[in-house]
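In: Predicted model follows, preceded by the sequence.
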Amino acid sequence: MRILVVDDNEHVRRGVLNILASETAWEVCGQAKDGEEAIRKARELLPDLVLLDISMPGMNGLEVTRILRREVAKAKILIMSQHDPSQILPRALDAGAQGCVDKGNLATDLLPRIQSIMRPSA
């Protein structure tokens, strides 16, 4: 599985990369620091999953999600937020994301959330 990691905070991106490194079957195919770069790289790299920060300068994660739904439709999108996921989730799903994860709990919640949304439908 190919993953694109998008967050304007370099420390968060590095933390996500460290968490993802434990899954040898997964490949981080790229990183982006804002919405425009995320869209450009997603078009170019065609990731299976985009881990996408909701709060970024310029375009926010929900706007990026709507564009990716049209332009890179096969990619699944998991929104990362420092805000309460229960408040963000309805908006994220409405935009076309498959879920939302709390940045404060990435160490414990990120891998299970990715596995859940990438599991083939039965």
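Out: Received it, and whenever you're ready, just let me know what you need. Residues are numbered from 1 along each chain as shown.
In: can you give me the helices in the protein?
Out: For the chain, applying DSSP state H gives helices covering 10-20, 35-45, 61-71, 85-95, 106-118.
In: Serialize the ones you listed to JSON lines and add fields for mean neighbour count and mean pLDDT.
Out: From N, CA and C alone the C-beta is placed, and that goes for glycine too. Supplementary listing: the helices of the chain in JSON lines, determined by neighbours: other Cβ atoms under 10 Å; pLDDT from 0 to 100:
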{"stretch": "helix 10-20", "mean neighbour count": "15", "mean pLDDT": "96"}
{"stretch": "helix 35-45", "mean neighbour count": "18", "mean pLDDT": "97"}
{"stretch": "helix 61-71", "mean neighbour count": "19", "mean pLDDT": "96"}
{"stretch": "helix 85-95", "mean neighbour count": "16", "mean pLDDT": "90"}
{"stretch": "helix 106-118", "mean neighbour count": "15", "mean pLDDT": "94"}
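In: Quick one: closest of these to L78.
Out: Checking these against L78 by Cβ to Cβ gives helix 106-118 as the closest, at 6.1 Å.
In: Centroid-nearest residue for this protein?
Out: L51 (1.4 Å; Cα atoms, centre = their mean).
In: I'd guessed it sits against M1; true?
Out: No. L51 is not in contact with M1 according to Cβ atoms under 8 Å; the separation is 11.6 Å.
In: joint contacts of these two?
Out: With Cβ atoms under 8 Å, 6 or more residues apart in numbering applied, the contact sets of L51 and M1 do not overlap.
In: ok so, going back, can you lay out the helices of the chain as a markdown table showing distance to S55?
Out: Below are the helices of the chain laid out as a markdown table (distance: least, Cβ to Cβ, whole Å):
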| stretch | distance to S55 |
| --- | --- |
| helix 10-20 | 11 |
| helix 35-45 | 11 |
| helix 61-71 | 7 |
| helix 85-95 | 10 |
| helix 106-118 | 15 |
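In: Show the pLDDT at Q82.
Out: pLDDT, Q82: 89.
In: Likewise for S121?
Out: So, for S121, pLDDT stands at 61.
In: related to what we said a few turns ago, beta partners of the closest residue to the residue nearest to the centre of the chain other than its chain neighbours?
Out: Nearest non-adjacent residue to L51, counting by Cβ to Cβ, 6 or more residues apart in numbering: V5, 5.0 Å away. In this entry, V5 is beta-bridged to Q31, L51, by DSSP bridges.
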